[in-house]
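Trainee: Pasting the sequence and the predicted coordinates here, then a few questions.
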Amino acid sequence: AQTELVRCPIGTISGFDLSPFGKFRAEGPEPIYLRQLAHTAVTEPFRVFGFALGQEGCGREQRVEVEVPCVAEGVVNAVVFWHELELDDAATLSAGPESAARQGIVMVERDVVVRGTGGVLKVCGTFDGGAGIGFQ
């Protein structure tokens, strides 16, 4: 699964400050079209999980920690993820933002402030062995 940390602001709309409503963000993954969502990518896409379909242990529970370099400053309040299927050495099918497919978005528990580029964020990805993916 490829992942990108993004900033999806909840702010002022039509002159009204709606930022306090950020606490009502969805807790689980939601489908989105990232290319249609105003956002700032704080990192380049990075790999969190890799599954070899058809091999023993493919669907086992996983917890992965990754350190990711920051390429932009902002406030991270969501993680966007998608899958890429490597069919062979030359062919890959991607559900990334450039495709017609939807991506998944998970809102993080607490906003993370990124001050400038060159910093590193620690991301923890979890897979429950079924369809449940989460990020911290």
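Mentor: Arrived safely.
Trainee: Please count neighbours and contacts with C-alpha atoms only from this point.
Mentor: Fine.
Trainee: Tell me the residue in this protein that is farthest from the middle.
Mentor: residue 15 (29.5 Å; Cα atoms, centre = their mean).
Trainee: Could you find the closest non-adjacent residue to residue 74?
Mentor: Nearest residue to residue 74, sequence neighbours excluded (Cα to Cα, 6 or more residues apart in numbering): residue 114, at 5.2 Å.
Trainee: what about residue 110, how many residues close to it?
Mentor: With neighbours defined by other Cα atoms under 10 Å, the count for residue 110 comes to 12.
Trainee: Pretty sure it sits against residue 77.
Mentor: Yes: contact criterion Cα atoms under 8 Å: residue 110 and residue 77 qualify, at 6.9 Å.
Trainee: May I ask which helix or strand encompasses the residue nearest to residue 136 when sequence neighbours are not counted?
Mentor: Among residues not flanking residue 136 along the chain, residue 124 sits closest, at 5.1 Å (Cα to Cα, 6+ apart). Remark: residue 124 resides in strand 120-127, with elements defined by DSSP states H and E.
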